[in-house]
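**Q** the following block contains a protein sequence and its predicted model.
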Amino acid sequence: MDLGESLKIEFESIAALNGKVYPVMAPQKTVAPYLTYEHGKTDRNTELLGTANLLESQYQIEIYHSSYLNLMVLKKLVLTKINSFNLRNLAMTGPYCQQLEIINDFETYENLVFLYKGIIEFDINYEEE
């Protein structure tokens, strides 16, 4: 299982997001709340004998909700979930997270869909399967 699939399973374990987690963009007319995740870049560490199986990836999570107050409650649950990734396999059998660092955490309003949006950006170091 790759990191993206593992993230989807992890975030869908939050009751309000069950079945509402999408890579990059949600389908049109998706009813809030929902979450999207996007992979930024991946650096592969190298060793003397070649490429190590330790990777560092950047991800951006966007959480959408119809009210600011509800967005803040849901965003706190998502942050708690993200912070639980350290030193464990994601989604039970996914990649092993060695370290995670939240880089950015802010809110805005998305005029195109008339929803409040929380954005969380993080770096994750993990072992490739």
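**A** Thanks, I have the structure now. Residues are numbered from 1 along each chain as shown.
**Q** could you pull out the helices in this structure for me?
**A** 3-12, 68-83 (DSSP state H).
**Q** so the first one versus helix 68-83, what angle?
**A** What that stands for is helix 3-12. 130 degrees (axes from the mean of the first three to the mean of the last three C-alpha atoms, to 10 degrees).
**Q** elements contacting helix 3-12?
**A** Here helix 3-12 touches strand 21-23, strand 34-47, strand 50-65, helix 68-83, going by 3 or more C-beta pairs under 8 Å, 6 or more residues apart in numbering; DSSP states H and E. (C-beta placed from N, C-alpha, C; glycine too.)
**Q** and it, C-alpha only, in PDB?
**A** Provided in PDB are the C-alpha atoms of helix 3-12 (Å, rounded to 0.1, in the frame of the first residue of the first chain):
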ATOM      1  CA  LEU A   3       1.500   6.500   1.200                       C
ATOM      2  CA  GLY A   4      -1.400   8.200  -0.600                       C
ATOM      3  CA  GLU A   5      -3.700   5.100  -0.100                       C
ATOM      4  CA  SER A   6      -2.600   5.000   3.600                       C
ATOM      5  CA  LEU A   7      -3.400   8.700   4.100                       C
ATOM      6  CA  LYS A   8      -6.900   8.100   2.600                       C
ATOM      7  CA  ILE A   9      -7.600   5.300   5.000                       C
ATOM      8  CA  GLU A  10      -6.200   7.200   8.000                       C
ATOM      9  CA  PHE A  11      -8.400  10.300   7.300                       C
ATOM     10  CA  GLU A  12     -11.500   8.300   6.500                       C
END
